[in-house]
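> missing the sequence, but the structure's below:
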């Protein structure tokens, strides 16, 4: 079934979604808008494991993901659902996650609360202010709350909240009591070995995790 995130990003025709574009005009920020936004990595419609991250990253290596103009369009087409294969020059950050095989075969998806690329959003208050005002941000949060968390409660999804503050989630007051894991090390770029083991076990036999 097509998710609300997919329906939203189907309209992407450049590096900025048309509903987000007006918010960037004359706004103070340091988002890099030269490259397509990594709103999600994986099968956002069907993946059984949903990994929540903060925002799309950017560094000096980002340009190596897009050596040709066609690479930009390939990425945009992928987000819009016009091609099934993950972009061939996907960032090493995702490939080196240690969970990439689950992303590549459709069992897991990484979703960023704020889709656009920021060097280190935790230290960029202007980017947080702008990013959390975007229509895409509201779509992502509504998708989590209205589609994914109810499915997790029914044991149809496992949600791993790695970088969770931008999603409005709190360890002190979780919205559901099963199949929602909070990462013990959200400052790390990678999931812990313990969390990866829990994901692996759940994929083998999806017993509710409390």
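It's in. Just so it is clear, the model here is predicted, and its values are computed rather than measured.
> just the strands from this protein, written as ranges.
40-42, 49-57, 108-118, 158-161, 180-182 (DSSP state E).
> packing partners for the longest one?
Applying 3 or more C-beta pairs under 8 Å, 6 or more residues apart in numbering; DSSP states H and E, one finds that strand 108-118 makes contact with strand 40-42, strand 49-57, helix 100-104, helix 125-131, helix 135-143. Where C-beta positions appear, they are placed from N, C-alpha and C, glycine not excepted.
> so what strands line up beside the shortest one?
In the sheet containing strand 40-42, its partner strands are strand 108-118 (antiparallel), by DSSP bridges.
> how much space between residue 96 and residue 79?
Using C-beta to C-beta, to the nearest Å, residue 96 is found at 21 Å from residue 79.
> which one of the two is surrounded by more residues?
Legend: neighbour count by other C-beta atoms under 10 Å for residue 96 and residue 79, higher for residue 79 (24 against 11).
> let me see the contact set for the more buried one.
Residues in contact with residue 79 (C-beta atoms under 8 Å, 6 or more residues apart in numbering) are 9, 12, 36-37, 39-40.
> count of neighbours near residue 72?
17.
> pLDDT score assigned to the closest residue to it other than its chain neighbours?
In space, and not counting its chain neighbours, residue 72 is closest to residue 66: 5.5 Å by C-beta to C-beta, 6 or more residues apart in numbering. We have a pLDDT of 91 for residue 66.
> can you check which of the strands of the chain gets nearest to residue 189?
For residue 189, the closest of the strands of the chain is strand 49-57, at 8.5 Å, according to C-beta to C-beta.
> relative to the closest one, what are the paired strands and their orientations?
By DSSP bridges, strand 49-57 pairs with strand 108-118 (parallel), strand 158-161 (parallel).
> against residue 193, how distant is the nearest residue to residue 41 once chain neighbours are set aside?
Closest residue to residue 41 apart from its sequence neighbours, by C-beta to C-beta, 6+ apart: residue 110 at 4.4 Å. Computed as C-beta to C-beta, the residue 110 to residue 193 distance reads 18 Å.
> more neighbours: which of the two?
residue 110 (24 against 9).
> wait, residue 113 touches residue 136, no?
No - with contacts counted by C-beta atoms under 8 Å, residue 113 stays clear of residue 136, the gap being 9.5 Å.
> on that earlier part again, how about a markdown table for the helices and strands packed on strand 108-118, with distance to residue 182, mean neighbour count and mean pLDDT added?
Shown next, in a markdown table, are the helices and strands packed on strand 108-118 (distance: least, C-beta to C-beta, whole Å; neighbours: other C-beta atoms under 10 Å; pLDDT from 0 to 100):
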| stretch | distance to residue 182 | mean neighbour count | mean pLDDT |
| --- | --- | --- | --- |
| strand 40-42 | 20 | 26 | 94 |
| strand 49-57 | 10 | 24 | 95 |
| helix 100-104 | 19 | 18 | 93 |
| helix 125-131 | 20 | 18 | 96 |
| helix 135-143 | 17 | 19 | 98 |
